[in-house]
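>>> Here's my sequence, what's the structure:
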Amino acid sequence: MTRRYLLSIVANNRIGVLPAITGAIHELGGDMQEASQTAMHGVLSMVLVADFPEHYDSQVIVDHISGVARPFEAAVTVRTPSLNGDLEAHPAPTTERFFLVLNGDDTPGLIRQVTARLAAESIDIADLYAVREAVGGPVLMVFELAVPEQADLAPLRGELESLGNPDGLAVELQHESFFNAGNVLRPVRLAKAARTAPLTPQRQSPTV
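Next comes the predicted model:
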């Protein structure tokens, strides 16, 4: 019998860090089900779901992975994913995938404004890619959104795009069918999408 855990790992991003982490999981008999990782400013951040033999409690898992990955100063936390019963009691609404792109001058509170407005419409942020090429330089953010089918996007689109201006910040909300994301699987997909996304208003955007 196995028990499923969700692990969050932060470590110094150097060659060998992933073999150390995945090797430690293998030594415990862990079976990875899903993983996502990114690196910035020399630090690796990884979230994964894995099944472990049920006789290993969460502290054993934390201690073993932390020990093996000690040369990378790994910090490990473990939690139990939501039970299927909880998901069935609160089923997720039917959604469509949209992309929100912000490119240009950043302003304090911008992400707070955007995320608060999305939350008010019960829109889930499925993924986020953000990069700034230089300190104080332009920012590029790409949000992947799960939008409920019943959401009224006309006023939301207007409010979000009003955050931009012709000289400083371009903001655009697009359905996935109009977003040039290619066929790249995540997590690479958003990075590619961010480099290829149109950053000026597109007249052929779908009516919502």
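
>>> Below-threshold pLDDT in the chain: ranges please.
83-93, 164-167, 180-208 (pLDDT under 70).

>>> Domain ranges for it, per the record?
Following automatic domain parsing, the chain resolves into domains at 2-85, 95-196.

>>> Please produce TSV containing these, extended by mean neighbour count.
Heads up, the C-betas are built off the backbone N, CA and C, glycines and all. Formatted as TSV, those follow (neighbours: other C-beta atoms under 10 Å):
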stretch	mean neighbour count
domain 2-85	15
domain 95-196	15
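
>>> If you drop the residues flanking it in sequence, what lies closest to P53?
Take P53 and drop its neighbours on the chain: the residue closest to it by C-beta to C-beta, 6 or more residues apart in numbering is G29, 4.9 Å away.

>>> Show me what the residue minimising distance to the centre of the chain is bridged to.
Per C-alpha atoms, centre = their mean, the C-alpha nearest to the average position across the chain is that of D127, at 3.2 Å. Per DSSP bridges, the residues bridged to D127 are E144.

>>> wait, isn't it in contact with E144?
Yes - the pair D127 / E144 is scored as a contact, 3.9 Å apart, by C-beta atoms under 8 Å.

>>> got the CA positions of stretch 101-114 in PDB?
Taking Å, rounded to 0.1, in the frame of the first residue of the first chain, the C-alpha atoms of stretch 101-114 are listed here in PDB:
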ATOM      1  CA  VAL A 101      -0.600  39.100 -21.200                       C
ATOM      2  CA  LEU A 102       0.900  42.200 -19.600                       C
ATOM      3  CA  ASN A 103       3.900  43.700 -21.200                       C
ATOM      4  CA  GLY A 104       5.600  47.000 -20.400                       C
ATOM      5  CA  ASP A 105       6.000  49.400 -17.500                       C
ATOM      6  CA  ASP A 106       5.300  47.900 -14.000                       C
ATOM      7  CA  THR A 107       3.500  49.800 -11.300                       C
ATOM      8  CA  PRO A 108       3.200  49.100  -7.500                       C
ATOM      9  CA  GLY A 109       0.200  47.000  -6.800                       C
ATOM     10  CA  LEU A 110      -0.400  45.800 -10.400                       C
ATOM     11  CA  ILE A 111      -0.400  42.100  -9.700                       C
ATOM     12  CA  ARG A 112      -2.700  42.700  -6.700                       C
ATOM     13  CA  GLN A 113      -5.100  44.600  -8.900                       C
ATOM     14  CA  VAL A 114      -5.200  41.900 -11.500                       C
END
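
>>> which residues are in contact with it?
Applying C-beta atoms under 8 Å, 6 or more residues apart in numbering, the contact partners of stretch 101-114 are 100, 132, 138-143, 160, 163-164, 168-174, 194, 197, 199.

>>> looking at this, A39 is in a strand?
Yes - judged by DSSP: H, G, I helix; E, B strand; the rest coil, A39 forms part of a strand.

>>> Ramachandran angles for the residue lying farthest from the centre of the chain?
Distance from the C-alpha centroid of the chain peaks at H55, with 31.6 Å (C-alpha atoms, centre = their mean). Taking degrees, to the nearest 10, you get phi -80, psi -10 for the backbone angles of H55.
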